[in-house]
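K.L.:
Predicted coordinates and the sequence they were generated for:
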Amino acid sequence: MKKKKIWMNVAKSFKEAEEFDIKFWKSVSAEGKFSAMWSIVKDFYHLRGKSGNKRRLQRSVQNIKRA
């Protein structure tokens, strides 16, 4: 089982907090970023009282032009 690395920071300014965030997210793999985002999507659906079983990317058409 892989050990989790826990990051912690006490920032004294917004700039320090932002620098920490940038350093943290640069250290996370693409898979880790996707996993974190998907967790946020699931939380969003849960807070809205939706089951979220039909989750998908939003699809919309903005403009249609005849060739």
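P.N.:
Nice, thanks for sending it over.
K.L.:
so what's Val10 up against?
P.N.:
Residues in contact with Val10 (Cβ atoms under 8 Å, 6 or more residues apart in numbering): none are found. Using the backbone N, CA and C atoms, a C-beta is placed for each residue, glycine as well.
K.L.:
Residue most distant from the centroid, the chain?
P.N.:
Relative to the mean C-alpha coordinate of the chain, counting by Cα atoms, centre = their mean, the farthest residue is Ala67 (38.3 Å).
K.L.:
What separation do you get for that residue and Ala30?
P.N.:
37 Å (Cβ to Cβ, to the nearest Å).
K.L.:
how close does the residue farthest from the centre of the chain sit to Lys12?
P.N.:
Counting by Cβ to Cβ - Ala67 and Lys12 are separated by 58 Å.
K.L.:
now Lys3
P.N.:
When Lys3 is compared with Lys12 (using Cβ to Cβ), they lie 29 Å apart.
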